[in-house]
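Q: let's see this in three dimensions:
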Amino acid sequence: MAKKAENQTKKLNVTLVKSTAGRLVKQQRTVEALGLKKLHQTVTVDDTPAMRGMIRTVCHLVTVTEA
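A: Purely as a prediction, here's the structure:
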């Protein structure tokens, strides 16, 4: 029997380093959709094209490192 290849998706650590106060509503909701609520909070997300697009939208508010 052949073994199934494990789905090893890469992970990214996303940290909110700037406030969303005074930003566009789209940017505020994108930060919220990433799971970030407070400054200096870090969340781990899958490295998918959708997440990359969300991060690109708020790249001036977050820092990203590989997990």
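Q: residues contacting the helix or strand hosting residue 29, please?
A: Here residue 29, judged by DSSP states H and E, is contained in helix 25-33. Helix 25-33 is contacted from outside by 16, 20, 54, 57, 58, 61, 62, using Cβ atoms under 8 Å, 6 or more residues apart in numbering. C-beta here means a position set from N, CA and C on the backbone, and glycine is covered the same way.
Q: closest one to residue 39 out of these, please.
A: residue 16 (5.7 Å; Cβ to Cβ).
Q: list the residues that contact that closest one.
A: 31, 36, 38, 39, 40, 41, 61, 62.
Q: can you put these in a markdown table and add secondary structure and pLDDT?
A: Output for the contacts of residue 16, formatted as a markdown table (DSSP: H, G, I helix; E, B strand; the rest coil; pLDDT from 0 to 100):
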| residue | secondary structure | pLDDT |
| --- | --- | --- |
| 31 | helix | 98 |
| 36 | coil | 98 |
| 38 | coil | 97 |
| 39 | coil | 97 |
| 40 | coil | 98 |
| 41 | coil | 98 |
| 61 | coil | 98 |
| 62 | strand | 98 |
